[in-house]
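Chemist: Got a predicted structure here, sequence first:
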Amino acid sequence: MSMQMLRYAAGDGISAIICTPHNKPDRRHVSYPKVVSRVDRLREMLAEEAVSIELHIGSELYYRNGIVEEMRKDMAKTMAGSRYILVEFDPLADYEYLRNGIYTFLMGGYHPILAHAERYRNVCARKCGIDDLIEMGCYIQVNAGSIIGKSGVGIKRSVGKLLKQRQVHFVATDAHDMKKRLPCLSDCADHVRKKYGEDYCRELFCDNPLYVIRNKEIALY
């Protein structure tokens, strides 16, 4: 399935991927050495088939107490070896809990990226909630499907407001399989380009992801 997804992604114009397996206490997740081994094998298979995609290792970290200490012990990983981390919370997490979690990562010296920010009701419903997180130093990621309406009209509308205000820094595939959650970005990129301009499209789909891979700081505004 991984190879099917990579072939599809290459055909969709994707040239580099940070693999972000879940790192969540109540969910089975693969240890870092095993992730490295499997990604290395995928790189070999890509070379054998001449599929031109760079693979980098990361993780989607579910926030919990002690997560920064786990990272310092190499039990959880940053994005492509950079100071950027991808973090998710319970969708119903209280705003202050989420904010404190982001603060914990910042104090640990990391650049937190809030995964699928459109899912957090208590952030999106709060006036200036996203603004406050960005001012703290948090980056905002949304899913491509949410932008083009695959998660419903309400979410599409709220994500559109974030894009209009340039409050989104990353757009992700959130790919999980070859049925409902495909590794596809081109339709979303076309939509963003037409509605919000070529410059912002390039920033979201090319420049900012490359800055993460190269461990360069991204301007929040």
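Modeler: Looks like it came in fine.
Chemist: Could you use CA atoms for every contact and neighbour count after this?
Modeler: OK.
Chemist: Relative to Lys195, how far out is the residue of the chain most remote from its centre?
Modeler: Going by C-alpha atoms, centre = their mean, the residue of the chain most distant from its centre is Glu48, 28.1 Å out. To Lys195, Glu48 is 39 Å away according to C-alpha to C-alpha, to the nearest Å.
Chemist: try Arg83
Modeler: 32 Å.
Chemist: between those two, who's got more neighbours?
Modeler: Arg83 (19 against 14; other C-alpha atoms under 10 Å).
Chemist: how about the residue nearest to His116 when sequence neighbours are not counted, secondary structure?
Modeler: The shortest distance from His116 to any non-neighbouring residue, by C-alpha to C-alpha, 6 or more residues apart in numbering, is to Val142 (4.4 Å). Here Val142 is strand, with the state taken from DSSP: H, G, I helix; E, B strand; the rest coil.
Chemist: what pairs with Val142 across the strands?
Modeler: Using DSSP bridges, the beta-bridge partners of Val142 come out as Val171.
Chemist: Now do the buried residues in stretch 22-42.
Modeler: 22-24, 32, 35, 39, 42 (16 or more other C-alpha atoms under 10 Å).
Chemist: So which of those residues are in strands?
Modeler: 22-23 (DSSP state E).
Chemist: least confident pick among the buried residues of stretch 22-42?
Modeler: Least confident of the buried residues of stretch 22-42 in the model: Tyr32, at 83.
Chemist: which residues of the protein fall in helices?
Modeler: Ranges of helices in the chain, per DSSP state H, are 2-11, 32-49, 67-72, 95-107, 121-124, 129-136, 144-147, 153-164, 186-196, 198-202, 208-213.
Chemist: right, and the pair among the buried residues of stretch 22-42 with maximum separation?
Modeler: Lys24 and Leu42 (23.2 Å; C-alpha to C-alpha).
Chemist: ok, now which ones touch Ile148?
Modeler: Residues in contact with Ile148, defined by C-alpha atoms under 8 Å, 6 or more residues apart in numbering, are 156, 187-188, 191.
Chemist: Compute the first-to-last residue distance for stretch 164-184.
Modeler: 22 Å.
Chemist: Closest to Glu118 out of the buried residues of stretch 22-42?
Modeler: Nearest member of the buried residues of stretch 22-42 to Glu118, counting by C-alpha to C-alpha, is His22, at 18.4 Å.
Chemist: And the spatially closest residue to Leu162 that is not a sequence neighbour, how far from Pro183?
Modeler: Spatially, and ignoring its direct neighbours in sequence, Leu162 is nearest to Val168 (6.2 Å; C-alpha to C-alpha, 6+ apart). Val168 sits 19 Å away from Pro183, going by C-alpha to C-alpha.
Chemist: In contact with the residue nearest to Leu162, which residues are there?
Modeler: For Val168, the contacting residues are 139-142, 162, 204, by C-alpha under 8 Å, 6+ apart.
Chemist: can you rerun that using 7 Å?
Modeler: Counting by C-alpha atoms under 7 Å, 6 or more residues apart in numbering, Val168 touches 140-141, 162.
Chemist: How about Glu88?
Modeler: Glu88 makes contact with 60-63, 114-115, according to C-alpha under 7 Å, 6+ apart.
Chemist: okay, Tyr62: pLDDT?
Modeler: The model's pLDDT for Tyr62 equals 95.
Chemist: rewinding a little: cross the contacts of Glu88 against strands and list the overlap.
Modeler: Reading strands off the contacts of Glu88 with DSSP E, I get 60-62, 114.
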